[in-house]
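Colleague: below are the sequence and a predicted model for it; my questions follow.
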Amino acid sequence: MSTSLQKAIDIVTKAVEEDEKKNYEEALRLYTHGVESFLHAIKYEADSDKAKESIRAKCILYLDRAEKLKQHVSGKKQKAVKDGSSGGNKKKGDNDSSDSDSEGNAEKKKFQTQLEGAIVMEKPNIKWDDVAGLDGAKEALKEAVILPIEGKRQPQRGILLYGPPGTGKSYLAKAVATEANNSTFFSVSSFDLVSKWLGESEKLVKNLFEMAREHKPSIIFIDDFDSLCSSRSDNESELARRIKTEFLAQMQGVGTDNDGILVLVATNIPWVLDSAIRRSFEKRIYIPLPEAPARATMFQLHLRNTPNFLTQGDFRVLGLKTEG
């Protein structure tokens, strides 16, 4: 059994024990930690799709329980605060609406602060030439994103990048951001959105799109997208359902202006995505493992600032010997 998987099982076993003892805060912490370890196992250690589906089902169960515990713990804390402040007088009328507005702004600021810790927001400086190989993928992205911008046409709003892990999907997304009017690049892992803020993930999705609108032209890149928007099922948690609903609403831009925003997502297993969400990505581009010439170019790119005596022939040999 893999290290992360065994660690996750040990952690959630302790979480269940604390849950049964009614130590809900500790159980919540352990459930959250255990889900993070399960997600790590899905990404790096699960060998088959069947194993990934089995682990993902466990994550749904523990996330659902963790969300209920969080609501219970938060409810107790809010009740304590209300009881402590019940003796004070509060003016009604206009103050109520102003308090509501300030609370809404404070909540929005809180989520954007949380997002700043989870996302990488940058103006990347990666050109097409910095990406080794992937000529077919680069041409497809130019056709879908760059050429429409230069020709004053509406570019694609959603693009799905799929293929084996470690093939340069996130690096390619940064190159798109650089070439597309030097767009602001928002990079976030779906693991962060799902596991770090139980019960608030759908609000974070909404605020991610709001931040992108404030800094457009912008590109939102979500890695490991299958963990965020997998197919719907009978045993699906309410949390997972809300995330998908919010993501679809933001992608469709109901009541908002999504011009100047491109959503790029990456997954290793596109067939597990929710069908409605998969349809919202008009363009789907396969990112394959690099061929020998691309591998040779990768060596050249990574060693270009390091003094060496390697010839073109040496790089070709390295490219041939690094298959797999």
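Modeller: It's in.

Colleague: Tyr44 versus Gly166, what's the distance?
Modeller: 10 Å (CB to CB, to the nearest Å). Bear in mind the C-beta positions are built from the backbone N, C-alpha and C, glycine included.

Colleague: where along this structure do the helices fall?
Modeller: 3-20, 24-44, 49-85, 94-118, 135-141, 147-150, 169-179, 190-195, 201-214, 238-252, 275-279, 292-303, 312-321 (DSSP state H).

Colleague: among those helices, which is nearest Ile269?
Modeller: Closest to Ile269 of those, according to CB to CB: helix 49-85, at 6.4 Å.

Colleague: so who does Tyr62 touch?
Modeller: 12, 15, 31, 34-35, 38 (CB atoms under 8 Å, 6 or more residues apart in numbering).

Colleague: Leu160 now?
Modeller: 225, 265-267, 270, 278, 281, 283-285.

Colleague: per-residue confidence at the closest residue in space to it that isn't next to it in sequence?
Modeller: What sits nearest to Leu160 in space, not counting adjacent residues and going by CB to CB, 6 or more residues apart in numbering, is Phe281, at 4.0 Å. The per-residue pLDDT reported for Phe281 equals 89.

Colleague: lowest average pLDDT across the helices of the chain?
Modeller: helix 94-118 (a mean of 56).

Colleague: for Ser227, give its distance to Phe221.
Modeller: Distance from Ser227 to Phe221, by CB to CB: 15 Å.

Colleague: for His33, that is, sorry about that
Modeller: Distance from His33 to Phe221, by CB to CB: 26 Å.

Colleague: ok, Arg316 next?
Modeller: Arg316 is 32 Å from Phe221, by CB to CB.

Colleague: between those two, which is the more surrounded one?
Modeller: Phe221 (26 against 15; other CB atoms under 10 Å).

Colleague: does that one really touch Ile261, like I thought?
Modeller: No - counting by CB atoms under 8 Å, Phe221 stays clear of Ile261, with 11.8 Å between them.

Colleague: state the pLDDT value of Asp226.
Modeller: Predicted confidence (pLDDT) for Asp226: 82.

Colleague: show me which positions of stretch 287-295 end up buried.
Modeller: 287, 290, 292, 294-295 (16 or more other CB atoms under 10 Å).

Colleague: so which residues make contact with that stretch?
Modeller: By CB under 8 Å, 6+ apart, stretch 287-295 touches 132-134, 137, 161-164, 167-169, 172, 266, 298, 316, 318-320, 322-323.
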